[in-house]
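**Student:** Sequence and computational prediction follow.
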Amino acid sequence: MTDHADDRTGQPSGLDSEETKIDPPPGFVETANLSERAVFDEFVTEWPTCWSTAADRLDWETPYETILDQSDAPRYRWFPEGTLNAAYNCVDRHLETRKNQLALTWIGKRDEREVYTYLDLYREVNAAAAALRAQGVSEDDVVTLYLPMIPQLPIMMLACARIGAPHNVVFAGLSAEALATRMSAADSSLLVTCDGYYRRETAFNQKSKADNAQLRLPYELESVIVVDRLGTELTVHLGEREHDYDKLISAHRGETVTPVARQSTDRLFVMYTSGTTGEPKGVEHSTGGYLSHVTWTTESVLDVKPEDTYWCAADIGWITGHSYGVYGPLALGTTSVLYEGTPDYPDRSRVWELIEQYAVNVFYTAPTAIRSFMKWGEAYPAQHDLSSLRLLGTVGEAITPRAWEWYYEHVGGGECPVVDTWWQTETGAILLATLPGVSAMKPGASGPPLPGIELSVIDEFGEPVAPYEPGYLTITKPWPGMLQGLREGNDRYHREYWQETDTGWAYKTGDGALVDEDGYVTILGRVDDVINVQAQRLTTTELESTIVEVDGVTEAAVVGDDSGLIIAFVTMKSTAIDELTARNRIREQLVSTIGSVAEPERIIFTPELPKTRSGKIMRRLLEDIACGNEFGDISALRNPEVVGEIDSTVRNK
Ligand code: WTA
């Protein structure tokens, strides 16, 4: 195999010489949900009819007739005549066979635990749906959920789904400003939030952020529902249109709400994500296509079975938590673990202790977490019985072969396939991954496209590149989980994502990639100004424009390092405040404007930023410096002398 030196990020993206291919462990294949290689051929010869395999995992109120309507491409419509309800599929339909099986196991602070059987969940979701209706929420009204990892979040999502009101979940760590932007862009006037939440032993005030967001909105909210998470006297703080969640739900306990039959293409939810312009994009997902694809991949890629205990460690505030923490596992009728805490509290054994305690079968996390586990050492997982594990998943950014192998050996004991799953908020569900019961794994490559998915890696002229050549990753056939549109309208949807080629429409992922001769894809990172920070997407524009708001800052450039952390390079006016004060102000500004996710790992002051002769900041070069990579010829820069200085500042810290 050739050396996959990534010329975008400078990171080695493959293995050195001999390519490692690891066959699925035989013990795994025997019980795998999907172990027939023929599935690939079927999806080729019978495309798009093959996708009925996914749709038929759901209960439809009205059966669909057409699989895919391409008449208005690239606005594709999957299963268009079908009607269904997502909450019915995730809750009601399991009552007959497993009403007393756990649907959710929630683990909060030390020793806090709540469990919900499918019957409990049914009752809670019905009461919550009735409460939303009583607050005036009708079909297609957008409900914003600004909640941490507590059971009320999935309950409210399902309650919204039940009455056909799209939810708009805003990650709890995002700022008041971010919440206000996402609410007004979604035209949402009902908010569900909480008084606060815990990180380690510290209680954070969520309500004050929600209050601040309301002040920024150009309209008044109709209703705010507040969960009492901290156990304080909530009522004291509540205003006129604010309601205590518990009281409100209790008033509707025992009521049932008939699930609203939604058209397959009707919106199930909207989720804002970073776009290239810095303005968040409201990605809208359909009901039928999305749920079909998510359910099918939870079963065939993550190999989840109804009797499993499954733990998706991603926060529900991001797409991974939506698709694989809530909708996928519940549609299959399995037990999903929700964990509110952090992996190193009260100590670094926490994750392994929980896997042992709850006998978790399938664990899905991100490379950023795996890197921390590696740093803490293998002694921690070694102290625990992890033999319940059957499959390990990873998502959010590229995983290095070293981290992959560590996860495989020290967590999976060499017996669990590691599936490196590539997908995006917009794709809704996994598109690239090895099918764990079928294909060999290649550490460092996120696998070939799943059955039914077709891709092309192209150059800037739209021409396909040769194997091992880096290029732009595009998806050349539609897939059921694909975004149904953008809140911002059709024009932006077209502009952001679609390119017309000789063979039809190609979806632009925004990622660089290369494909090897077996069709395995190595992801080389973003090609636009989006950076993946701890497996979350942020744009350099939004970070940099926030930093330059700090008094005394003249210019800023932000990059992600190879641990997925933010490194900010900043220039100051010479007469400005001292570095320590500036550093604190920059941190505060980022956290208050964007949220704690935007907190930089390091802020490096420099007299100048490296620029091209045309004045463009050389972010690639800064990224190389931040990652400790070799950097190439810099003589074409306007100010090459500054590079050595920045490099030594970075190394000396
Ligand atoms: C990156 C998360 C390499 C990629 C589900 C993509 C990955 C962005 C992988 C989407 C992977 C996700 N290997 N890179 N397995 N998975 N990415 O929308 O750059 O938060 O475009 O969705 O994460 O991030 P998003």
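**Tutor:** Great, that's in hand.

**Student:** name the element the nearest residue to residue 257 once chain neighbours are set aside belongs to?
**Tutor:** With C-beta to C-beta, 6 or more residues apart in numbering as the criterion, residue 257 has its nearest non-adjacent residue at 4.1 Å, and that residue is residue 129. The way it works is simple: take the backbone N, C-alpha and C, and place the C-beta from them, glycine included. Using DSSP states H and E, the element containing residue 129 is helix 118-134.

**Student:** Now do the most far-flung residue of the chain relative to its centre against residue 649, distance only.
**Tutor:** Most distant from the centre of the chain: residue 575, at 42.2 Å, with distances by C-alpha atoms, centre = their mean. With distances taken as C-beta to C-beta, to the nearest Å, residue 575 is found 21 Å from residue 649.

**Student:** One more: residue 139?
**Tutor:** Distance from residue 139 to residue 649, counting by C-beta to C-beta: 57 Å.

**Student:** more crowded one of those two?
**Tutor:** For residue 139 against residue 649, the residue with the higher neighbour count under other C-beta atoms under 10 Å is residue 649, and the figures read 15 against 11.

**Student:** So what touches the helix or strand containing the more buried one?
**Tutor:** In this assignment (DSSP H and E), residue 649 forms part of helix 641-652. Where contact means C-beta atoms under 8 Å, 6 or more residues apart in numbering, the residues beyond helix 641-652 that reach it are 567, 569, 602, 604-610, 621-622, 625-626, 628, 631, 634, 637.

**Student:** Weed out the non-buried ones from the residues you listed.
**Tutor:** In terms of neighbour count (16 or more other C-beta atoms under 10 Å), the buried residues within the contacts of helix 641-652 are 567, 569, 604-606, 608-610, 621-622, 625-626, 631, 637.

**Student:** These in helices, which ones?
**Tutor:** 621, 622, 625, 626 (DSSP state H).

**Student:** Name the nearest of the residues you listed relative to the ligand.
**Tutor:** residue 626 (17.3 Å; C-beta to the nearest ligand atom).

**Student:** Verify the stated contact: that closest one with residue 567.
**Tutor:** Yes: checked against C-beta atoms under 8 Å, the pair residue 626 and residue 567 is within contact range at 4.3 Å.

**Student:** Buried ones in the helix holding residue 649, by neighbour count?
**Tutor:** Applying a neighbour-count criterion of 16+ other C-beta under 10 Å, one finds 642, 643, 646, 647, 650 buried in helix 641-652.

**Student:** Tabulate those residues (JSON lines), appending distance to residue 274 and pLDDT.
**Tutor:** Output for the buried residues of helix 641-652, formatted as JSON lines (distance: C-beta to C-beta, whole Å; pLDDT from 0 to 100):
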{"residue": "642", "distance to residue 274": "29", "pLDDT": "89"}
{"residue": "643", "distance to residue 274": "28", "pLDDT": "90"}
{"residue": "646", "distance to residue 274": "26", "pLDDT": "90"}
{"residue": "647", "distance to residue 274": "28", "pLDDT": "88"}
{"residue": "650", "distance to residue 274": "25", "pLDDT": "86"}
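
**Student:** What about the ligand: which of those touch it?
**Tutor:** Among those, no residue is within reach of the ligand (C-beta under 6 Å from any ligand atom).

**Student:** What sits closest to residue 42 if chain neighbours are left out?
**Tutor:** Counting by C-beta to C-beta, 6+ apart, residue 50 is the residue found nearest to residue 42 once chain neighbours are left out, at 5.5 Å.

**Student:** For the one you found, report the pLDDT, please.
**Tutor:** In this prediction, residue 50 carries a pLDDT score of 97.

**Student:** SS state for it?
**Tutor:** helix (DSSP: H, G, I helix; E, B strand; the rest coil).

**Student:** isn't it right up against residue 477?
**Tutor:** No: with contacts counted by C-beta under 8 Å, residue 50 stays clear of residue 477, the gap being 11.3 Å.

**Student:** low-confidence ranges in the stretch 101-250 of the chain?
**Tutor:** Across the stretch 101-250 of the chain, the ranges flagged by pLDDT under 70 are 233-237.

**Student:** in it, what residue is nearest the ligand?
**Tutor:** Checked against the ligand (C-beta to the nearest ligand atom), the nearest residue in the stretch 101-250 of the chain is residue 171, 10.6 Å away.

**Student:** helix/strand/coil for that residue?
**Tutor:** coil.

**Student:** Counting neighbours, what do you get for it?
**Tutor:** Residue neighbour count, defined by other C-beta under 10 Å, stands at 22 for residue 171.

**Student:** so what sits against both of residue 50 and residue 477?
**Tutor:** With C-beta under 8 Å, 6+ apart applied, the overlap between the contact sets of residue 50 and residue 477 consists of residue 452.

**Student:** Residue 161: which of the buried residues of helix 641-652 is nearest?
**Tutor:** residue 650 (47.4 Å; C-beta to C-beta).

**Student:** any idea how far residue 554 is from that closest one?
**Tutor:** Taking C-beta to C-beta as the measure, residue 650 and residue 554 are separated by 20 Å.

**Student:** Residue 125 too?
**Tutor:** Distance check for residue 125 against residue 554: by C-beta to C-beta, it reads 52 Å.

**Student:** And these two? Which one has more around it.
**Tutor:** Neighbours were tallied for residue 125 and for residue 554 using other C-beta under 10 Å; the higher tally belongs to residue 125 (29 against 13).

**Student:** quick one: what helix or strand has the residue nearest to that one when sequence neighbours are not counted in it?
**Tutor:** Closest residue to residue 125 in three dimensions, ignoring its sequence neighbours and counting by C-beta to C-beta, 6+ apart: residue 158, at 4.5 Å. Using DSSP H and E, residue 158 sits in helix 152-163.

**Student:** which strands and helices sit next to that helix?
**Tutor:** In terms of contacts (3 or more C-beta pairs under 8 Å, 6 or more residues apart in numbering; DSSP states H and E), helix 152-163 is packed against helix 86-90, helix 118-134, strand 143-145, strand 167-169, strand 190-194, strand 267-273.
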